[in-house]
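Peer 1: have a look at this prediction, sequence included:
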Amino acid sequence: MNGTAAATGSASCRFAHYFVVCGLDTETGLEPDEGAGESFEQSPIRRSFKSKVLVHYPESTDRNPFNKDAINMLCMPRGLSFRTQADRLDPQFHSFTIVFDDGTRSYGFVHTFYEEVTSPQIITAMQTLYQMHQVERQSSSSASSPSSSASSSASSPSTSSMDSLVSSLDESDAESLAGLSAYLGCAGSFDPARDTLYVSKALCLLTPLPFLQAARQFLSQLHQAVASQTAPPLPLESYIHNILFEVPLPPPGRSLRFHGVQGPILCQRPGPGELPLNEFPLGEAFSLLGVDNMVQLLTCALLETQVLLCSQDYQRLMTVAEGITTLLFPFQWQHIYLPIVSAPIHHLLDAPVPFMMGIQRREGAQRSSLHLPHEANLCFVDIDNHCVEAPEDLPVFPDQMELIQELSEILVRFGIPPQGGVITKPTTTPSPRLSSLVLEDLMEDRRNGNLGGEELAVLERLQALARRCGGGKMSDGGKTLGHVFEEDDEELKAAKLNIQLREVFAGRFAAMFGRYEEFVIHSALDLDSWLSNREGTFSFDKGSFLSIQPVSHLTFLSRFLETSMFSSFVDGKVIARWADREPMQQLFDTRLERERLYDTDEEESRTGRYRKCTSLFESAQAIEHRLVKADHTAIHPHLLDMRIGQGRHQPGYFPKLQADVLAHGQNTNKWSSRVTASRRSDPKKSTVTEHSVDSEQTQKHTYSRKNLRQSKLLDPSPQAITQTHREFVDGLLSECRLKTKRMLMERMGKESVELGQGEANITGLQENTLIHGLCDLLERTWGHGLQLKQGKSALWSHLLHYQAAQGKTEAPAECPGLDQRTFDDGTLLLRGSLIQDMRFIQAMSEGLSEVGQARAWIHLALEKKMLSQHLKELLTNQELLRQLYKPHAFLLCEEEREQFLFHLLSLNTVDYLCFTRVFTSISIPYRVVIIPMKKLSIAMATVNPWVCLSGELGDSGVRQIPKNTQEIFFQCKNLGRLSTLQLGQENSGLLAKCLIDCVMVYNEITGHTYKFPCGRWLGKGVGDGSLERVLIGQLVSPGGEEDAGRWTGTPPELASPSQSVMTVLGSLGSRSRVQSVEVHEDMREAANNLVKHFHKPEQERGNLTVLLCGEGGLVLSLEKFLLHGFRSNRLFQRNVFVWDFVEKAVSSMETADQMGDLHGSTHTKGPPCDSLCHYVNAINASPRNIGKEGKFQLFVCLGIRDRHLPQWLPLLAECPLTARTYEDSALLRDRAAVHSLCRILHTLHEFTITLEAALVKGIEL
């Protein structure tokens, strides 16, 4: 392999892109770092000052232009730090990542050390600042009033250059300040006569791949060479030039050895079938946080919550952030990713979008002192205190307990306690030690297996001799051989732990999404049409995918399917029809195919049982194989064509590099022969393949969602900040449009299919997921630019401020226009306003947090169809808005705010029961109104009615309506969606009868109105003589009484048969010409609706009572069948009741049976006849006065529940009474029709039918 050709030909295949030095620019002097957020009460020696990029090589590369400001900010996030000889001067190491506009990443590795300040101007400036600080301390401590302290603090210089500050002091001031030497002994003191001043300097290497260990070793060796008393063998330029232009990327699946200042360095790269390269130590992340916390943090990242990391150590921030994003494979984080956020860009914490960011925690700072605008959906990770604060309603990761157990076993094998909380080694770099190059070369041969037993024994004897002569140390502080081997073992151990932990998570995602390709929807004919209609098309069948998942996984998976990372993953699969697959996805698909090929236990994979990862040993072995023996060796560093006399070695000072030799590569044939390869037998494998799965190769297609460019995010200029927040505002508006559109399409699309027969598919799990997303969006919108907040919820905080402001301007009891109600217990209810909804939420005995109260309020407003109206009212108080929000906040952008509210208004076209179904244990006030026929309304005065409401969650019990009224108010536990209403009266006289049109029920909290049609008499001696009826309800008007006439997009459910239907049924007897085909079709449709009901997932089923007893239900269809061809003289225009025929038929059967006994007949009537007679007699013996229609309804419901109905119908058809009662053309006298009907009813026998208590009350069968 020709390393020179590979490295100098293109920057994309070099090991490193840039070498950077950041530090103090002595020409511009000291400039305070205004964005650091530090107080001038601190000693100047403890303050931060602006750093600058001193040099960077090369000037620029083709694909990755150099962003000087961003690199400087990430290399020295806290700016310059000063120290004296009394402080610790240990070198520090940290890394960072920077995302380019095309989606590719670069990784930065920074070695920070302290260099002695030699500039007299800087030393004088620091001395002057310290003396001024002492004067201010004296004056503030002697001042009696706090105002003088504030004024002296405010008068301290903050913006001018420190050099100009020194020149502005006159001699008298300098003399007066010189007398403060008594204070120099305190912490943070500085006296140039006594102290040596040091300043931080950073060496940075930018690489396309995360070669953490190799870059760290190279920079450490570079610094050790600078700090050593002995000059390195070659000028530093030779080593920097070598790594920039002559060291290539290792080929995929191979390792590469190159040389640093002190010795060889090894790096490796995974092969095409392995997980992408990541050397950030996952073991350290797990040891800091523990397995439970890491799994919880990964769950937050997968669900795209806002993740904020906090630590004093920058490298810990990077380790945890990179560890989490690595474990997401095959998915990729799609939002803001800034593991290190320096003080000048802390405004990004206002970002109203998902993010993963890290901030440095100041020493002694508490969590309570950190004021964050977004906390409702925030995962706060305090790394140093081993703590993760997750959002309230975070779902459990699938098979979480088994996953934690498997991870714990791996950690224990590597000696890491699973519970976490272990203080890992600090990220300081060992003190400089220059080892013998001869020894390093010998050890390199040992590492590569090129030393035999004799040579190794000689090497050990030489080292022992060196220890005896040098007090146990190698010459010049070099490493012992054992120490080097120990370091190599630790590096190998960390690499093996990394890959095994990653394989476990990759295996979990393969188990969860192994069949995802079956549910990808390919609807577009070409790429252009797909791109143009992307927002309006569904690329993944989420409902079908969820239907095959274990129930315990559904809550997590339903929310994960709504994330951007999953959408992007599916989009990649769709677009793969026309373009190359994304490398990460290609690798995942390849692994799935391999698993399916070798998977012998198909049943276990189909049942979703947890299976441990089986590829741990193979994956660790592959890495060990590469790390133990290098496959390739790069060109050694060599002399360059440099000017003599420059770059002279000064111990402790990084030299000024010669720019001309580092600006570009030097293709010198003299050195190209030095390139060696340990394995030359397979030249094909040593070529760099373009399809490797490395993070720098991850291309973003044009279809991917538009992300904020990181180059803009890292720009702290006011113009860039304004533009960034402008993009946030546009993004929120776009997200609101897409979310509301998705909610409408799902809801209305399902309803148009269901046509009211049961619940739409979206109700239940998926509806809750979409509404949760809406709550999250509203919280992020209200948190944007927020500067004054109570509690964790930005929205609830605004509501509380609004409530307080309204309370000052008007007394609640005197508010005009409020509808006041009094319950039967005397409680006064005021309903209809935003404030009253708030008070109801506050009064709920649910123990909700601020976030929970905000979500409850959103659920209630959405169910009432008042969300947009309430928020519009909330935003009318402009003065309050200006107090609470910064000028760039979304809520202060009038045009976007109006569009936002308009999108929310569109949700009023569909019905939601999200509040009713989520908060099931609260007390709800109901109002019930009985509406008689207008002509006979006077009869209500003679009736003493009662009602009993039933819903999904229970019933209200019997409620007696007060005399001489037609309505009642009462409070009871939430009944859920109302289904039936029992209406009855006590027979108190001959005139106690009334023709009831319907019963209206109002939920006084949600504003829902239910109509229970009746259209029949209630009273003895009229109609069917019923004193009690069971009515089936329909939801007619969500949104309050004032919205009763508003159109809604939800088709009404079928209710109890109305009077008009009953009239049609009554006239069927004289309409023998009615087509029997219609009756058969109605019967099949009713049975089919029941079958579809039971084939749905349980959480998506509708109301069974509606399908049995409502219009178009089984009872009505069977009644039509039995009324077909019924003979009636209708002389007195009396209604025909099927129950009359059933009673007579049973009576004739019993009579015939008795006659058979008298005549000695051996013919027995059999079990079906026994059960028919038993059930009819039991219904007649019931104490309930439910009338003939109610008895027939009960007869059908009990027969279908107990699977007797198909046996009873042939008995009724063969009864001698049937021939006298029905015409020849009647369906009941048609054997084929009866047989067909029985087969239809037989299809329902496989289902378990549970009847509502309201239907079977008083019947014991």
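Peer 2: Sure, I can see it. Numbers count the residues shown, from 1 in each chain.
Peer 1: hey, where'd the strands end up in the stretch 651-800 of the chain?
Peer 2: Along the stretch 651-800 of the chain, counting by DSSP state E, counting those that start in this stretch, strands occupy 676-677.
Peer 1: gap between the helix or strand where L411 lies and the chain center?
Peer 2: If you go by DSSP states H and E, L411 is part of helix 400-413. What separates the centre of helix 400-413 from the centre of its chain is 24 Å, taken as C-alpha atoms, centre = their mean, to the nearest Å.
Peer 1: rounded mean pLDDT for it, please.
Peer 2: The pLDDT scores in helix 400-413 average 93.
Peer 1: just stretch 109-118 next, same as before
Peer 2: Rounded mean pLDDT across stretch 109-118 is 93.
Peer 1: ditto for stretch 867-877
Peer 2: Rounded mean pLDDT across stretch 867-877 is 92.
Peer 1: thinking again about what came up before, check which residues of the helix holding L411 are buried.
Peer 2: Neighbour-count burial for helix 400-413, counted by 16 or more other C-beta atoms under 10 Å, picks out Q400, L403, I404, E406, L407, S408, I410, L411. Bear in mind the C-beta positions are built from the backbone N, C-alpha and C, glycine included.
Peer 1: isn't I404 up against N293?
Peer 2: No - contact criterion C-beta atoms under 8 Å: I404 and N293 do not qualify, at 10.5 Å.
Peer 1: grab the nearest non-local neighbour of the residue nearest the centre of the chain.
Peer 2: The central residue of the chain, meaning the one whose C-alpha is nearest the mean C-alpha position (C-alpha atoms, centre = their mean), is L303 at 2.0 Å. Leaving aside its chain neighbours, L303 sits nearest to R559 (5.4 Å; criterion: C-beta to C-beta, 6 or more residues apart in numbering).
Peer 1: so that neighbour, which of the three states?
Peer 2: Of the three states, R559 takes helix under DSSP: H, G, I helix; E, B strand; the rest coil.
Peer 1: so it touches C300, yeah?
Peer 2: No - assessed by C-beta under 8 Å, R559 is found out of contact with C300, at 11.2 Å.
Peer 1: tally up the residues packed near the residue nearest to F1141 when sequence neighbours are not counted, please.
Peer 2: Spatial nearest neighbour of F1141, chain neighbours left out: T1221 (5.8 Å); criterion: C-beta to C-beta, 6+ apart. T1221: 20 surrounding residues under other C-beta atoms under 10 Å.
Peer 1: now do T1221 against L1123, distance only.
Peer 2: The gap separating T1221 from L1123 is 11 Å, by C-beta to C-beta, to the nearest Å.
Peer 1: other residues contacting the helix holding L411?
Peer 2: 283, 286-287, 291-292, 294-295, 397, 417-418, 497, 500-501, 504, 508, 610, 612-613, 616 (C-beta atoms under 8 Å, 6 or more residues apart in numbering).
Peer 1: mind checking which of these are buried?
Peer 2: 283, 286-287, 291-292, 294-295, 397, 418, 497, 500-501, 504, 508, 613, 616.
Peer 1: please identify which of those residues is nearest to C267.
Peer 2: L497 (18.0 Å; C-beta to C-beta).
Peer 1: wait, what's in contact with that closest one?
Peer 2: L497 makes contacts with P281, L282, G283, I410, L411, F414, I416, as judged by C-beta under 8 Å, 6+ apart.
Peer 1: just confirm the first one contacts K496, I think it does.
Peer 2: No - at 11.4 Å, P281 and K496 do not qualify as touching, with contact defined as C-beta under 8 Å.
Peer 1: quick one, what contacts R1127?
Peer 2: R1127 is in contact with G1069, R1220, T1221, Y1222, E1223, counting by C-beta under 8 Å, 6+ apart.
Peer 1: name the member of those with the most neighbours.
Peer 2: Result: Y1222 is most packed of the contacts of R1127 (other C-beta under 10 Å), 23 neighbours.
Peer 1: leaving out sequence neighbours, find the closest residue to that residue.
Peer 2: Using C-beta to C-beta, 6+ apart, the nearest residue to Y1222 is G1125, at 4.9 Å.
Peer 1: got the phi and psi for the one you found?
Peer 2: phi 80, psi 20 (degrees, to the nearest 10).
Peer 1: hang on, it packs against T1221?
Peer 2: No - if you go by C-beta under 8 Å, G1125 and T1221 don't touch, sitting 9.2 Å apart.
Peer 1: chain center to the longest helix along the chain: distance?
Peer 2: Selection of the longest helix in the chain by residue count, based on DSSP state H, yields helix 718-754. Helix 718-754 sits 16 Å away from the centroid of its parent chain (C-alpha atoms, centre = their mean).
Peer 1: do the same with stretch 87-102
Peer 2: Here stretch 87-102 shows a centroid-to-chain-centroid distance of 29 Å under the convention C-alpha atoms, centre = their mean.
Peer 1: any buried residues in it, and which?
Peer 2: Under 16+ other C-beta under 10 Å, the buried positions of stretch 87-102 are D87, P91, Q92, F93, H94, S95, F96, T97, I98, V99, F100.
Peer 1: just give me the closest of these to W857.
Peer 2: Set against W857, the nearest of the buried residues of stretch 87-102 by C-beta to C-beta is V99 (37.6 Å).
Peer 1: from the chain's centre, how far out does stretch 303-320 sit?
Peer 2: On C-alpha atoms, centre = their mean, the centre of stretch 303-320 falls 17 Å from that of its chain.
Peer 1: wait, what's in contact with the residue nearest to F1141?
Peer 2: Contacts of T1221 by C-beta under 8 Å, 6+ apart are F1126, R1127, F1141, K1144.
Peer 1: most neighbours of all those, which one?
Peer 2: F1141 (21 neighbours).
Peer 1: these two touch, right, that residue and L1122?
Peer 2: Yes - in this structure, F1141 is within contact of L1122 by C-beta under 8 Å, at 7.1 Å.
Peer 1: between these two, which contacts overlap?
Peer 2: With C-beta under 8 Å, 6+ apart as the test, F1141 and L1122 both reach L1212.
Peer 1: point out where the stretch 551-700 of the chain drops to low pLDDT.
Peer 2: Applying pLDDT under 70 to the stretch 551-700 of the chain flags the ranges 599-608, 644-647, 665-700.
Peer 1: quick one: the helices in it, in order.
Peer 2: 554-560, 564-575, 583-598, 602-607, 616-628, 659-662, 669-672 (DSSP state H, counting those that start in this stretch).
Peer 1: try the stretch 701-850 of the chain
Peer 2: 710-713, 718-754, 765-783, 794-809, 834-843, 850-864.
Peer 1: lowest mean pLDDT across those, which one is that?
Peer 2: Ranked by mean pLDDT, these bottom out at helix 710-713, with a mean of 74.
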